[in-house]
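Visitor: following is a predicted model, sequence given first.
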Amino acid sequence: MAKAHPVAGIGEDDAFAFVAARVVETRTRELIDHAEGVLEIGDIERLHDMRVATRRLRAALEVFEPCFPSKLFKPALRQVKDLADALGERRDGDVTLEALDRFAAAAVRADRPGLRSFAAAVRDEQAAANLRLAPSVAPERLEALGKQLLELVAAADSLVGGPAVEPAPVSSNGGDPG
């Protein structure tokens, strides 16, 4: 699992809204950074890392909710939750297949054809979940989510007189399977 990106530029005396802005900004970039190759079924860790990044971002949003205007916060949180759900649906197949591989390795020969058949059905479900996930991790969708989240960052910064540094634009080359 990928480590969380460190949140730079915050100190113990900083205002809650300033810290909120820096944490959400960092977690947003972390999410976008993990999008590359997320649709590659052969490398399930990429999807896992992005899913973990959505959970970190969601937790940060919920902790710092008082720092954000409700009209911006609620749609952004909904988008993050929807992305996490789509990633989770695909991840379910990944986890099942890993468990099946371990189980099949220890199974008696007579059980292996049935396990292979079940694994093939799970792979079909995994592929279908991947197709449903694709629009959620498309570059333009992630860029729009990044902009939406950076609006929250700007709103929190406005509570404390503006950001220490101008946030860099968030973009991604997306989850193209390459």
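Guide: Happy to help now that I have it. Numbering: from 1, shown residues only.
Visitor: ok, now how distant is the residue positioned nearest the centre of the chain from Phe103?
Guide: The centre of the chain sits closest to Thr54, judged by CA atoms, centre = their mean, with a distance of 3.3 Å. Thr54 sits at a distance of 29 Å from Phe103 (criterion: CB to CB, to the nearest Å). Glycine gets a C-beta too; all of them are placed from N, C-alpha and C.
Visitor: and for Glu65?
Guide: 42 Å.
Visitor: ok, Met1 next?
Guide: Counting by CB to CB - Met1 and Phe103 are separated by 23 Å.
Visitor: check Asp82 too.
Guide: From Asp82 to Phe103 the distance is 32 Å (CB to CB).
Visitor: quick one, helices of this structure?
Guide: 16-33, 44-63, 70-106, 112-133, 139-159 (DSSP state H).
Visitor: just those helices: most buried one?
Guide: Of all these, helix 16-33 carries the top mean neighbour count, a mean of 23, counting by mean count of other CB atoms under 10 Å.
Visitor: for that one, name the packing helices and strands.
Guide: helix 44-63, helix 139-159 (3 or more CB pairs under 8 Å, 6 or more residues apart in numbering; DSSP states H and E).
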